[in-house]
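Trainee: Here is the input, now give the coordinates:
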Amino acid sequence: MDQQRKSGTFGIVALVGAVGIASVATYKLVLTDARKPARAQATRVDDEAHEPAPATVHVPDPPVVARVSTPAEVRVVPEVAPEPATDEREREETPPPTEAERGAYAQAVFDAEAMDANWAQVTRNDLTAKLGTIKTPGAAIKDISCRSTLCRVGLRYESHDKGEAYLKAMIRANVFQGTGMATRGEPNAKGEQDVTLYFAREGSPLPDVSSE
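Mentor: Take a look at the predicted model:
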């Protein structure tokens, strides 16, 4: 009987011991399994802390392209001068009048002019007096006559040079208050030359065909 009790007790103790060992083993297993995630997590965090940061790649900005507007095609048309009027064209084509034509025109205008007796007389006397003061050898006064706006003085020169000297002396003497012009004839066999002077009253035109 005691032997059976001992055997039963031993069996209970053995069973309890076995259960305790199993429990200890289980507890160790649980602890071991419970620690594994923490270690794994710690290892992962540590690995992440030591992982190099991703490299930063600098992407350059796209180049700025300036938009240049293409200018419209410009056509340069050469300027064409307008054709001159008919009268201007005829004047350009017409040769200048000869000295004989100038003399004939001035003589015709003077002869056709009306007479202003008072002005003509006073002006003629004044011209005669002033021209008489010019003492140039080789020049002589043929006649002096006046109308209403024009006076005519006929001269004869022994030579062209003496005639030019007389004209210069007359200009210096300021013999007439107005404008003047001269027409020259052809020299004769002796070299003498007739020159006709025309003086216009102030504000009046000269009988010059070139200005028409």
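Trainee: ok now do Ser145, which residues does it touch?
Mentor: By C-beta atoms under 8 Å, 6 or more residues apart in numbering, the contact set of Ser145 is Ala120, Arg124, Cys151, Arg152. C-beta: built from backbone N, CA, C; applies to glycine.
Trainee: what's the closest non-adjacent residue to Gly180?
Mentor: In this structure, Gly180 finds its nearest non-sequential neighbour in Phe199, 4.7 Å apart by C-beta to C-beta, 6 or more residues apart in numbering.
Trainee: and that neighbour, what does it touch?
Mentor: If you count contacts by C-beta under 8 Å, 6+ apart, then Phe199 has Leu127, Leu150, Cys151, Arg152, Val153, Phe176, Gly178, Thr179, Gly180 around it.
Trainee: Starting from Ser211, give me the distance back to it.
Mentor: Counting by C-beta to C-beta, to the nearest Å, the separation of Phe199 from Ser211 is 16 Å.
Trainee: just to revisit the earlier point, dump the contacts of Phe199 into TSV; add neighbour count as well.
Mentor: As requested, the contacts of Phe199 are exported to TSV (neighbours: other C-beta atoms under 10 Å):
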residue	neighbour count
Leu127	20
Leu150	22
Cys151	23
Arg152	19
Val153	24
Phe176	21
Gly178	15
Thr179	15
Gly180	16
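Trainee: hang on, isn't Pro115 packed against Arg147?
Mentor: Actually, residue 115 is Met rather than Pro. Yes - judged on C-beta atoms under 8 Å, Met115 makes contact with Arg147 at a distance of 5.6 Å.
Trainee: Not including adjacent chain positions, what is the nearest residue to Val194?
Mentor: For residue 194 the amino acid is Asp, not Val. Distances taken as C-beta to C-beta, 6+ apart put Gly185 closest to Asp194, at 4.2 Å, once the chain neighbours are dropped.
Trainee: for the one you found, what are its contacts?
Mentor: Counted by C-beta under 8 Å, 6+ apart, Gly185 has contacts Glu99, Ala100, Gly103, Gln193, Asp194, Val195, Thr196.
Trainee: Could you give the bridge partners of Leu197?
Mentor: Beta-bridge pairing for Leu197 (DSSP bridges): Val153, Ala182.
Trainee: How many residues are close by it?
Mentor: A count of neighbours around Leu197, defined by other C-beta atoms under 10 Å, yields 22.
Trainee: for it, what are its contacts?
Mentor: Arg152, Val153, Gly154, Leu155, Gly180, Met181, Ala182 are the contacts of Leu197 under C-beta under 8 Å, 6+ apart.
Trainee: got it, and Met115?
Mentor: Arg147, Ser148.
Trainee: where's it, which helix or strand?
Mentor: Secondary structure from DSSP states H and E places Met115 outside every helix and strand.
Trainee: just Ala108 next, same as before
Mentor: helix 99-112.
Trainee: Are there helices or strands packed against that helix, and which ones?
Mentor: strand 150-157, strand 179-184, strand 193-200 (3 or more C-beta pairs under 8 Å, 6 or more residues apart in numbering; DSSP states H and E).
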